[in-house]
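Undergrad: below: sequence and its predicted model.
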Amino acid sequence: MGTRSWQVSVIIPVYNSERCLQQALDSVLAQSWDDFKIIVVDDGSETDTAAQVVAQTQQSSIRPIRYLRQDNQGPAAARNQGLAMSDSEFVAFLDSDDTFDPNKLSLQVGMMTDLPKDYAFVTGGQRRYSQDTPTKTKIVLPSLVDGDIYQALVKGDVRIPWTPGAHLFRRSALTAVGGFDPRLRYGEDKELLIRLARKFRVKTYREVVLCKRLHSRSLSTSLDQEILLESISYLVNKLKQSDPDLSEVVLNGIHQTAIVSATIRSLSRQENPYRSIALIKKTVRRTGLSISWRARARIALAYALMLARQAGRFVTDRRESKPLTLL
């Protein structure tokens, strides 16, 4: 079994989310498609629980489950390590706190097998739910597209999930573009899809293949705002360099969406709003791009909501009476 070539490698990065890993593994082992192996990459978790979960699951699994532990380097580096350990035709990624729909692999492998080699990935929909309200779910479906979507993707004219678990990739396409960019701690999934779409074709469909769990302890939610904004600056500048023909309007759209998202995350954790605004100014200076009044309004609304949440224990302070301004 060790020398067999499996058609799909399912790569699961883990970082301090071992409590959900068993569910993720079970959802892969329950697939209606059976030609796959699993690679778990522990990105320097604080305990050895992930190794214990994998060892226990290996005892009852008829499919190979490989485990590797590395120093913490971020999700991009962990996924790249799994990719380096893979020799399969297709690659699927699954975050350790998410789960696959039982027909995920059979649907997507069937589609990819029928498509020409210049298709990098296929994409389905996802079911999202909050850790706090698991009975309330939201179905998020991609735009229906087939072919060259690069321009529409960077302009925001098509909607596809950035979450890697919603896709099935051709491994040769991933290696052709160099995999995920390990310098990014935020937006690494979006940046990869943009790079792939620039060189390859893409196909989507509207069946749900992924169940995504949203919670306050997820990596993208817990990252410090400064790290998020540094990633945004790097991402925008990389897009500028890789495609000089991208208009400033397009770059501004990507830039402002990311900045607003990072700031809302920060304010939702009730972090210092003045530090948030100072970091935004720093990011604007790095990219040379502006902040629209619409983006300012969304940030101001997030600040107002933060104050409303604090209303029961809010203590008046001269610093908190100063006006917030992005100028």
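TA: All right, it came through fine.
Undergrad: for the chain, just list every one of the helices.
TA: All helices of the chain, identified by DSSP state H, fall at 18-29, 49-60, 75-84, 104-114, 150-155, 171-177, 188-199, 219-222, 225-242, 248-268, 273-287, 293-310.
Undergrad: okay, buried residues for the last one please.
TA: What it means is helix 293-310. Neighbour counts over helix 293-310 (16 or more other Cβ atoms under 10 Å) mark 295-296, 298-299, 302-303, 306 as buried. Bear in mind the C-beta positions are built from the backbone N, C-alpha and C, glycine included.
Undergrad: residues in contact with Arg159?
TA: 142-143 (Cβ atoms under 8 Å, 6 or more residues apart in numbering).
Undergrad: quick one on the thing from earlier: how about CSV for the helices of the chain, with mean pLDDT added?
TA: Below are the helices of the chain laid out as CSV (pLDDT from 0 to 100):
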stretch, mean pLDDT
helix 18-29, 93
helix 49-60, 94
helix 75-84, 96
helix 104-114, 97
helix 150-155, 90
helix 171-177, 97
helix 188-199, 94
helix 219-222, 49
helix 225-242, 80
helix 248-268, 73
helix 273-287, 69
helix 293-310, 73
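Undergrad: indicate which one of those is closest to Val40.
TA: helix 49-60 (5.3 Å; Cβ to Cβ).
Undergrad: touching, Pro161 and Ser143? I think so.
TA: No. Pro161 is not in contact with Ser143 according to Cβ atoms under 8 Å; the separation is 10.6 Å.
Undergrad: higher neighbour count, the two?
TA: Using other Cβ atoms under 10 Å, the more surrounded residue of Pro161 and Ser143 is Pro161, with 22 against 14.
Undergrad: report the contact partners of that one.
TA: Pro161 makes contacts with 123, 125-126, 140, 142, 167, 210, as judged by Cβ under 8 Å, 6+ apart.
Undergrad: which two in these are spaced the farthest apart?
TA: Using Cβ to Cβ, the contacts of Pro161 reach their maximum pairwise distance at Val140 and His167, which is 13.6 Å.
Undergrad: which one of these two is surrounded by more residues?
TA: Taking neighbours as other Cβ under 10 Å, Val140 and His167 compare with His167 leading, 27 against 17.
Undergrad: how near is that one to Gly124?
TA: The spacing between His167 and Gly124, counted by Cβ to Cβ, to the nearest Å, is 8 Å.
Undergrad: outline the domain layout of this structure.
TA: If you go by automatic domain parsing, the domain ranges for the chain are 8-214, 223-321.
Undergrad: which of the ones you listed is buried the deepest?
TA: Of the domains of the chain, the one with the most neighbours on average (mean count of other Cβ atoms under 10 Å) is domain 8-214, at a mean of 19.
Undergrad: end to end, how far does it reach?
TA: 26 Å (Cα to Cα, to the nearest Å).
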